[in-house]
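Colleague: Return atomic coordinates for the entry below.
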Amino acid sequence: MPSPQQLRIQDFHYDLPAARIAPEPLPDRAASRLLVSRAGTITDKTFRDLPGELPPHTLLIFNDTQVVRARLLAKRPTGGAVELFCLEPVAPHRALEPALQQTGAATWRCLVGNGRRWKEGPVTLEFSFAGRPATLWAERQAVEESGESLIDFRWEPASLPFAEVLRAAGHLPLPPYLHRPDTATDAVRYQTVYAAHEGAVAAPTAGLHFTPELLQELTQRGTALGQVTLHVGAGTFQPVKAETMADHPMHAEPIIVQASLLRQLLAHRPHPVIAVGTTSLRTLESLYWLGAGLVQQPDQTTLAVTQWQPYEDAPSVAPEQALQALLSYLEQQGSDTLEASTRLLIAPGYQFRLVQGLITNFHQPESTLLLLVSALLGPGWRAVYDHALAHGYRFLSYGDSSLLLPG
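Modeller: Now for the predicted structure:
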């Protein structure tokens, strides 16, 4: 397939007035508007209309990651503030789940805000846990070429898992373009109602519109539901600064998928699969490339999708064959859980293997998420965004939604 490496990101620009960025969530999740693009025809609905807009025999796939309170506001000995945004664990565990259960001390890769005056020594954060005083100390070990820092944390009581430290002392990492601190409302509304596994530093925002009642209605209408886990990394906020995509690195993000989901996908073919959000879509398409890789090299021990893999390697592997290869791999491993990572960049030129549609919010200009939408819709993405701008849709994380069915 054609490589998108020479795509110029400025070709995916549109003018987004600041007034169109939704600063707060609506009081009712399902009251958001829904733009439906079906084979190029655009209609205006509300999100409550979604069950009636889906094609017959649809399987909806949700990302059930849960946002962690990854922003820590510490103080220097002189009283100045330092913000630590925890990105990923480094030691003693690199895997997210054991790192969140680590007690006493740990090292994480972080973004540091207001850190120029933090020369040496620890910064501290006083908090309370179960009504008792607690303290977190953080010391900078090194600054990496990327500008991110390795931060050594230690805390008392040392028996607390790091996940509990974040819950008690941290703040939700709202998107930087909101330009406001998180609130008690965000603690509820910046999570999906089906969030189950801690690990994301940004919400899979397409899912924020769903309510328990809407999920029940979907099931009653015969829509099948499935779940994957992709822990959204800070790379989702990273602007594309390179002139062409060849020089833009995609961050690796962990994905976790159960064998039961792989069987569900196999049994559902050839009926439509629609991803709820770009993270669900990237997870599903990554499954294809992981399985295709196993067909070619069955002895792999570490499963990962690279940024350019689909454009460098186009195996004639059917989706069913790829899914079956993943199930065989899990059987050989004696496991029901597939754990892998993906750097997959989906951009114009990409050929979709498992997904036939997408539910998603409206994304920032010149972003990798907009490239993904363009890959799905082709040049028609501009008509969708022009319509949304002309008809008063709210944009970005707390904004309105769209159902994109390329046909």
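Colleague: The nearest residue to Leu265 once chain neighbours are set aside: what's it in contact with?
Modeller: In space, and not counting its chain neighbours, Leu265 is closest to Leu323: 5.7 Å by CB to CB, 6 or more residues apart in numbering. For the C-beta atoms, the positions are set from N, CA and C on the backbone; glycine is no exception. Contact analysis of Leu323 by CB atoms under 8 Å, 6 or more residues apart in numbering lists 262, 265-266, 287-288, 291.
Colleague: Kindly recompute the last result at 10 Å.
Modeller: 261-266, 269, 287-288, 290-291, 353-354 (CB atoms under 10 Å, 6 or more residues apart in numbering).
Colleague: and those, which are buried?
Modeller: Buried members of the contacts of Leu323, scored by 16 or more other CB atoms under 10 Å, are 261-262, 264-265, 287-288, 290-291, 353-354.
Colleague: could those go into TSV alongside secondary structure and pLDDT?
Modeller: Below are the buried ones among the contacts of Leu323 laid out as TSV (DSSP: H, G, I helix; E, B strand; the rest coil; pLDDT from 0 to 100):
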residue	secondary structure	pLDDT
Leu261	helix	98
Leu262	helix	98
Gln264	helix	98
Leu265	helix	98
Leu287	helix	98
Tyr288	helix	97
Leu290	helix	97
Gly291	helix	97
Arg353	coil	96
Leu354	coil	97
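Colleague: What segments of the chain are helices?
Modeller: Taking DSSP state H as the criterion, the chain carries its helices at 50-53, 96-100, 162-169, 184-189, 212-220, 259-268, 278-296, 309-312, 319-333, 368-377, 381-390.
Colleague: Alpha carbons only: can I get the second one in PDB?
Modeller: Taking only C-alpha atoms (Å, rounded to 0.1, in the frame of the first residue of the first chain), the coordinates of helix 96-100 have been written out as PDB:
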ATOM      1  CA  LEU A  96       1.700  -0.800  33.700                       C
ATOM      2  CA  GLU A  97      -0.300  -3.100  35.900                       C
ATOM      3  CA  PRO A  98       2.500  -4.200  38.200                       C
ATOM      4  CA  ALA A  99       3.900  -0.600  38.200                       C
ATOM      5  CA  LEU A 100       0.600   0.700  39.600                       C
END
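Colleague: per-residue confidence at the most centrally placed residue in the chain?
Modeller: Centroid-nearest residue in the chain: Val232, 3.2 Å away (criterion: CA atoms, centre = their mean). pLDDT, Val232: 91.
Colleague: ditto for Gln238
Modeller: 69.
Colleague: and if you look at the one 10 residues further on?
Modeller: Looking at His248, its pLDDT is 88.
Colleague: For the residue in the chain sticking out farthest from the centre, which residues are in contact?
Modeller: Residue farthest from the centre of the chain, counting by CA atoms, centre = their mean, is Thr78 at 37.0 Å. Taking CB under 10 Å, 6+ apart, we find Thr78 in contact with 117-118.
Colleague: now the one 5 residues further on
Modeller: Residues counted as contacts of Glu83 (CB under 10 Å, 6+ apart) are 71-74, 110-115, 123, 171.
Colleague: beta partners of it?
Modeller: Bridge pairing for Glu83 (DSSP bridges) gives the partners Leu73, Gly113.
Colleague: On the pLDDT front, check it for me.
Modeller: Model confidence at Glu83, given as pLDDT, is 93.
Colleague: Also Gln321?
Modeller: If you check Gln321, the pLDDT there is 97.
Colleague: thinking it is in contact with Gly291, fair?
Modeller: Yes - using CB atoms under 10 Å, Gln321 is in contact with Gly291, at 7.2 Å.
Colleague: Quickly list what's touching both of those two.
Modeller: Common neighbours of Gln321 and Gly291, using CB under 10 Å, 6+ apart, are Pro315.
Colleague: still on that earlier bit, from the helices of the chain, pick the one with the highest average neighbour count.
Modeller: Burial of the helices of the chain is given as mean neighbour count (mean count of other CB atoms under 10 Å); helix 278-296 ranks first at a mean of 25.
Colleague: any low-confidence regions in the stretch 251-400 of the chain?
Modeller: 313-314 (pLDDT under 70).
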